[in-house]
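Q: Sequence and predicted structure are below.
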Amino acid sequence: MKVVNLKQAILQAWKERWSDYQWSINMKKFFPKGATWDILNLAEALLEQAMIGPSPNPLILSYLKYAISSQMVSYSSVLTAISKFDDFSRDLCVQALLDIMDMFCDRLSCHGKAEECIGLCRALLSALHWLLRCTAASAERLREGLEAGTPAAGEKQLAMCLQRLEKTLSSTKNRALLHIAKLEEASSWTAIEHSLLKLGDILANLSNPQLRSQAEQCGTLIRSIPTMLSVHSEQLHKTGFPTVHALVLLEGTMNLTGETQPLVEQLMMVKRMQHIPTPLFVLEIWKACFVGLIESPEGTGELKWTAFTFLKIPQVLVKLKKYSHGDKDFTEDVNSAFEFLLKLTPLLDKADQRCNCDCTNFLLQECSKQGLLSEASMNNLMAKRKADREHAPQLKSDENANIQPNPGLILRAEPTVTNILKTMDADHSKSPEGLLGVLGHMLSGKSLDLLLAAAAATGKLKSFARKFINLNEFTTHGSEESTKAASVRALLFDISFLMLCHVAQTYGSEVILSDSSTGAEVFFFETWMQTCMPEEGKILNPDHPCFRPDSTKVESLVALLNNFSEMKLVQMKWNEACLSISAAILEILNAWENGVLAFESIQKITDNIKGKVCSLAVCAVAWLVAHVRMLGLDEREKSLQMIRQLAGPLNSENTLQFYNERVVIMSSILEHMCADVLQQTATQIKFPAMGMDSMPYWNLLPPKRPIKEVLTDVFAKVLERGWVDSRSIHVFDTLLHMGGVYWFCNNLIKELLKETRKEHTLRAVELLYSIFCLDMQQVTLVLLGHILPGLLTDSSKWHSLMDPPGTALAKLAVWCALSSYSSHKGQASSRQKKRHREDIEDYISLFPLDDMQPSKLMRLLSSNEDDANILSSPTDRSMSSSLSASQLHTVNMRDPLNRVLGESPAPRPSALSSAPPVAAPLSPPGSFPPALWLAPSFPPSFQRPFLGAALSTSVSSFPGAELLPGPAHGIPLPPPPAAQPTCSCSSPPSWARGPPAPTRSSCSGSWRSVWTAWSRAAAAASCSSCPSPPCRSW
C-alpha cells in the first residue's frame, strides 16, 4: 500500500511540475516520520518512473539527484536500484544512470549500523556486476556496428562505461569494500568473474587500442581485489614517522646546547628500528623543524628554533651522511627529501609568514654550503619554490617589510660569535674600554639572544660562557684605579654577571659549571650560582653559611647603602659585595619591620642598590626569594614589596653606561627567579616590558586537577593527532618531574594496554618511545625492572598482555632497552634536560618515608583502584612498589642498567644479572626480589600471545638485537639467593635465621610477604648478644 501511495505522490509531482525542493518538502508532509525512505524504496520507485520511456524523465531524475544530495536515500539503495536496470539498448537511460553513479562513486560512505555497512558492500558488488554487463553489451554493439559499418553508435557508450568502471575501481577504499562483499557473497563474485571473462573475449578483437588498454587496466584492478590482504604495502604508503618528529622537537625545544653525535646516533637507531627510507627520514626531520619554527614562542624561543633549524640540523645531516653507503646516494636522498618538502606548500607558506622570509631558500643555501646538495639541485629546488611562492598569499605586510628575518640574522651571527671569542682571548687589562664597547653592542636589541642561540647551536656556548666567567673574575676587584677605570670595571663586571645569569636560565646551569674532574679553579660566579641562585625546582636555605659572610663587611655595606650619596666604585670588591648583599638586606628588612626605617628610606636604599650595577639587585632578590619561601603568608608582604622595589628601573640620569639595556636583562633574570614564589603567593610584580613572553612554557598544568587526568588527557590528544607538539613535550616533562619516573611510566603503559586496534597500538609505541626520551635511561630501568616483572608475575593482568597491546609493549621494551644500552655502553653524553633533584634527596634524608605506610604523595598521585590496592597493604605489594616516586626518580644510572640489561662473568651474559637490582634495597646481597626471579607459571588454557613470547620474538627479529644480552624466551630464572652468614648467638631471633627458601611454585603473595617482613626486621633490628651481628653486613 505504501508503494502505491509513493508512486501516486511521484506522479502528482510530475503532473504539477514541482521543483526538486518543493517535492522534498511535500514528500515529508505526505509521509509521516517513522519508516525511512530506504524502507519505502524511494530510489527504486523514482528510477522505475523515470525509465518508463525510451529516454529518462528529467524532472523525476532531478528528484532522485536531490534525494541523493540531501541524503534522503542511501548510496546502497541507489546502487541496488541501478543494478536492476537491464535494458542496455536504451542509450540515453544508460547514460543517465552512469551520470548518477558518477555523483558519488568516489566518495562512498555509510554512517549507519553494521548491517547497513555490509549492505553498502553488497550494493557496490551488484553495481560492479551491472557495469560489467553494461560494458559487455556496449562492446557487443560496437562489434556489431563495426560489422555493419556504423561504429560510432556503441563506441561512445563503451567509453563511458569503461570510464565509470575505472573511476570506481581506482579507489582503494572501494576495492576494500568489494573485497568484503566477495567474502559475504561468493556466488555473486563468481558471476563477476564470468562477466569479466566474457568481456575479455569480446574486447580481444577490438581495434581501438585506447579502449582495449583501459579495459585491461580495469580487469587488472578487479583481479587484484582477492589479493588485497596478502599485499603488505603499509610501509610504502606510510609517510609520517612521529618518533623522528618528536625526537627532533625534543632536541630543538630542550637541548639546543647538546652535542650532535648523541642525536645522530639516536636518529639512526630509530631509522633502523622502524625501517625508514632515507628520503622520508630526512623529510621528517625537515617537517619537524618547520613545525617547531611555526610553534615556537616569540622572542628567545623563536631564535633558538631558528638556530637549531639553520645551523645545527645541517651539521646533524653532515654526520648522518657518514652512515650512508656513499656521498652520492645521500646527496640524492637529500634532494628527494626537498622535492617531497616542496609539495607541503601550506607548511612552507606558514613558516615563511612566521619568519618573514623564504625559509626554504636559506635552508637550501646552507645545505649546499655543507655539501649536502649539488649546486644544480639547489638552483632547481629554488626555482620550484619561487614559482610556488608567486601563487601564495601576500606574506609581507607594510609593518614588517623592513624587519630583518631571523634566519638571515642567525646565519650572520655565527661568524660574529667566533670573532667575539677571539676578542675575549685578548688581555683585558690593556683595552677595557674597547671590550666594553663590544659588550655594549651585544646588549642592544636582540643581539645577545641571537649570539647565544648561534653559539648554542654550533657547540660554542660553553666556551662562550667560560670566557665571560674569566672576565667576571678579572673585574671582581682592582688595584689603584681612576674613577673612569673603576666605572669601566664595574660595567664589565655587571654585564658579564648579567649575561652569565641569562645564559644559565635560558640554557641550563650545566653550560656554566666547569668539569670538577679536571681540577680547574672554581671562580666566584660558579660558586655564587651553585649556592645562591634560585632555579626551577631548586630550594635554597636563606640561613645557609653562603648568605652569612663576614659581619664587618656586611656592616660596611649596610652603611654604604644607607648613605644617600652616590655609591663609590673605586676599589670596590664586587664579589664581596655580591656575597654580602644578602646579609645586608636581612639587616635592612629587620629594621624596616621593626619600624627603625621608613618606606622612603627603603626606596632610597633599593635605588642605591640598583642604581649603578644591576648585579647587586639580582643577588639581593636571589636571597629574598629564598627568604620568602620560609615565611608564612602573613609575613611576606614587606619582602615582596622590597622585591617589587628592586625589580623596577631607576628613573635617574645619574647612571652608568648601557643602563636601560642592563635593566632589560635584569628584569628577565628576576622574573625567572621569582616565578615560583609569585605563583605560590598569588602576587603580581610588573617587570619592565620586554615585548614578548619571556617564560612561554611556564605553569602549563591546569590548577585543581589531578595530574593523572592531565597525563591521560594530553596523551589521548597526542595519540589522536598522531604527533607530539612542543607544548605537549613541556607538559610531559613537567609531569615526569612532578610524579617521578615510576608513576609516569606506569600510567602511560596502562594507556598503551587499553588500545585494542593494531594501528593504534603501533602509533602509541612510536609516540611513547619519543616521550620516554625525556629520561630514557631511568624509564628503561623502571620499565624492565619493575613494570614488566609486575605484569608478568600477576596472573590477573595477563589478559591485558594479549595481542595487539602485548606485542606493542614488547616492542616498546626492546626499543627502550636498545637505546639505553647503546648510549650507556658508548658513554654518550646525556641528551636529557637536567633536573634539579637535590631538594628531593634532601627531603628524603630529612624526612625518611615510613615503609609501613604508603607515601601521601603517591596516594595523591594515584587515583585508580589498582594503585590504591598496591599501596594500601605494604605486606602484599612488591618490592618495586615500596619505593616512592621521588626515590625511583633519583636512581643512579651508573650500575643499575648493567644489572637490568646484564653484565655477568659468563661468556654470554643473561638478560638480568644476579646482582641485586636497584629497586630492592632490602634484599640480601646476591639475591633477587621475588618480583624478578619468580618466573610466571602460565595456565595451559592461556593460548593467546603474551608479553614474554612477544618480547623474545621482538628481540630475535629486531635489527641490532645482538646488542641485547639474554636468552631467547622471556625473563630467565636467575640463580637462587646466595647463602647468608649465620648469627653466632645461642638463640638468634627469627629474622637472623634468614627467610624461607623460595620455590618455583611460590606465588607473588605469601612468600613475598614473608620476605618483605623478614627484610624489614633485619634492617630495623640488631642482635644485642653478638659483637658484630651479620645483619649489619646484610
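A: Nice, thanks for sending it over.
Q: Let me know the pLDDT of residue 394.
A: Model confidence at residue 394, given as pLDDT, is 61.
Q: what about the most centrally placed residue in the chain, helix or strand, and which?
A: Among the residues of the chain, the one closest to the centroid is residue 724, at 3.6 Å (CA atoms, centre = their mean). In the assignment (DSSP states H and E), residue 724 maps to no helix and no strand.
Q: With the one 5 residues further on instead?
A: For residue 729, the host element (DSSP H and E) is helix 726-739.
Q: If you count contacts, what does that helix end up packed against?
A: helix 242-254, helix 278-295, helix 707-721, helix 741-754 (3 or more CB pairs under 8 Å, 6 or more residues apart in numbering; DSSP states H and E). Backbone N, C-alpha and C define where each C-beta goes, glycine included.
Q: Repeat the analysis, applying 6 Å as the threshold.
A: Counting contacts by 3 or more CB pairs under 6 Å, 6 or more residues apart in numbering; DSSP states H and E, helix 726-739 packs against helix 242-254, helix 707-721.
Q: Same list, the ones you listed, but as JSON lines with distance to residue 455, mean neighbour count and mean pLDDT please.
A: Output for the helices and strands packed on helix 726-739, formatted as JSON lines (distance: least, CB to CB, whole Å; neighbours: other CB atoms under 10 Å; pLDDT from 0 to 100):
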{"stretch": "helix 242-254", "distance to residue 455": "16", "mean neighbour count": "25", "mean pLDDT": "90"}
{"stretch": "helix 707-721", "distance to residue 455": "32", "mean neighbour count": "17", "mean pLDDT": "91"}
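Q: Compare those helices and give me the one nearest residue 638.
A: Nearest to residue 638 among the helices and strands packed on helix 726-739 is helix 707-721; the distance by CB to CB comes to 34.2 Å.
Q: Now do that closest one against helix 741-754: the angle between them, please.
A: Put simply, helix 707-721 runs at 50 degrees to helix 741-754, going by axes from the mean of the first three to the mean of the last three CA atoms, to 10 degrees.
Q: Mean confidence (pLDDT) on the lengthiest helix in the chain, please.
A: Under DSSP state H, the helix in the chain containing the largest number of residues is helix 114-148. Helix 114-148 carries an average pLDDT of 83.
Q: What of stretch 269-277?
A: Stretch 269-277 comes out at a mean pLDDT of 90.
Q: quick revisit: relative to residue 667, which of the helices and strands packed on helix 726-739 is closest?
A: helix 242-254 (24.1 Å).
Q: for the stretch 451-600 of the chain, what spans make up the strands?
A: Here the stretch 451-600 of the chain has no strands by DSSP state E, counting those that start in this stretch.
Q: quick one: low-confidence parts of it?
A: Scanning the stretch 451-600 of the chain for pLDDT under 70 picks out 515-520, 564-567.
Q: And the helices in it?
A: 461-474, 483-507, 524-532, 551-562, 574-593, 599-611 (DSSP state H, counting those that start in this stretch).
Q: per-residue confidence for the residue nearest to the centre of the chain?
A: Looking at residue 724, the pLDDT reads 89.
Q: ok, the closest residue to it other than its chain neighbours to residue 763 distance?
A: Closest residue in space to residue 724, ignoring its immediate chain neighbours: residue 246 at 4.2 Å, by CB to CB, 6 or more residues apart in numbering. If you measure residue 246 against residue 763 using CB to CB, to the nearest Å, the figure is 12 Å.
Q: what's the answer for residue 568, then?
A: Counting by CB to CB, the gap from residue 568 to residue 763 is 67 Å.
Q: For those two, work out which one has more neighbours and name it.
A: Between residue 568 and residue 763, counted using other CB atoms under 10 Å, residue 763 has the larger neighbour count: 21 against 12.
Q: Restrict whichever strand or helix holds that one to CA atoms and write it as CSV.
A: According to DSSP H and E, residue 763 maps onto helix 758-772. Taking Å, rounded to 0.1, in the frame of the first residue of the first chain, the C-alpha atoms of helix 758-772 are listed here in CSV:
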residue,chain,number,x,y,z
LYS,A,758,46.7,-2.8,15.9
GLU,A,759,47.4,0.5,14.1
HIS,A,760,46.6,2.5,17.3
THR,A,761,49.0,0.4,19.4
LEU,A,762,51.8,0.8,16.8
ARG,A,763,51.3,4.5,16.8
ALA,A,764,51.2,4.6,20.6
VAL,A,765,54.5,2.7,20.8
GLU,A,766,56.2,5.2,18.4
LEU,A,767,54.8,8.1,20.5
LEU,A,768,55.7,6.6,23.8
TYR,A,769,59.2,5.9,22.8
SER,A,770,59.7,9.5,21.8
ILE,A,771,58.1,10.7,25.1
PHE,A,772,60.3,8.4,27.1
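Q: Quick one: mean pLDDT over the next helix-or-strand element following that helix.
A: Note on helix 758-772: by DSSP H and E, the next helix or strand toward the C-terminus is helix 776-782. When pLDDT is averaged over helix 776-782, the result is 91.
Q: just stretch 406-422 next, same as before
A: Per-residue scores along stretch 406-422 average to 90.
Q: Quick check: buried residues in that stretch?
A: Neighbour-count burial for stretch 406-422, counted by 16 or more other CB atoms under 10 Å, picks out 406, 407, 409, 410, 411, 413, 414, 416, 417, 420.
Q: Adding distance to residue 308 and secondary structure, write those residues out as a markdown table.
A: Formatted as a markdown table, the buried residues of stretch 406-422 follow (distance: CB to CB, whole Å; DSSP: H, G, I helix; E, B strand; the rest coil):
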| residue | distance to residue 308 | secondary structure |
| --- | --- | --- |
| 406 | 12 | helix |
| 407 | 11 | helix |
| 409 | 14 | helix |
| 410 | 10 | helix |
| 411 | 13 | helix |
| 413 | 13 | helix |
| 414 | 13 | helix |
| 416 | 18 | helix |
| 417 | 15 | helix |
| 420 | 20 | helix |
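Q: Show the contacting residues for residue 381.
A: Contacts for residue 381 (CB atoms under 6 Å, 6 or more residues apart in numbering) come out as 338, 364.
Q: helix/strand/coil for it?
A: helix (DSSP: H, G, I helix; E, B strand; the rest coil).
Q: where's residue 483 relative to residue 505, distance?
A: 33 Å.
Q: again with residue 313
A: The value you get for residue 313 to residue 505, if CB to CB is used, is 25 Å.
Q: Looking only at neighbour counts, state which of these two leads.
A: The neighbour comparison of residue 313 against residue 505 (other CB under 10 Å) goes to residue 313, with 25 against 21.
Q: pull the helix or strand with minimum mean pLDDT from this protein.
A: helix 930-933 (a mean of 33; mean pLDDT, DSSP states H and E).
Q: Pretty sure residue 578 sits against residue 618.
A: No. Assessed by CB atoms under 6 Å, residue 578 is found out of contact with residue 618, at 8.4 Å.
Q: Domain ranges for this structure, per the record?
A: 2-229, 237-398, 767-963 (automatic domain parsing).
Q: among these, which is nearest residue 649?
A: domain 237-398 (19.4 Å).
Q: related to what we said a few turns ago, now for the helices and strands packed on helix 726-739, which one comes closest to residue 112?
A: Nearest of the helices and strands packed on helix 726-739 (CB to CB): helix 707-721, 23.8 Å.
Q: which residue packs closest to residue 700, ignoring adjacent ones?
A: residue 731 (5.1 Å).
Q: any chance of the helices and strands packed on helix 726-739 in a markdown table, with distance to residue 20 too?
A: Listed next are the helices and strands packed on helix 726-739 as a markdown table, based on distance: least, CB to CB, whole Å:
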| stretch | distance to residue 20 |
| --- | --- |
| helix 242-254 | 47 |
| helix 707-721 | 39 |
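Q: Out of those helices, which is closest to residue 64?
A: Of the helices and strands packed on helix 726-739, nearest to residue 64 by CB to CB is helix 707-721, at 38.3 Å.
Q: Next, the buried residues of stretch 737-753.
A: Of all the residues in stretch 737-753, those buried under the rule 16+ other CB under 10 Å are 737-750, 752-753.
Q: which other helices and strands contact whatever helix or strand residue 448 lives in?
A: Assigned by DSSP H and E, residue 448 falls within helix 447-457. When contacts are defined as 3+ CB pairs under 6 Å, 6+ apart, helix 447-457 sits against helix 300-307, helix 406-424.
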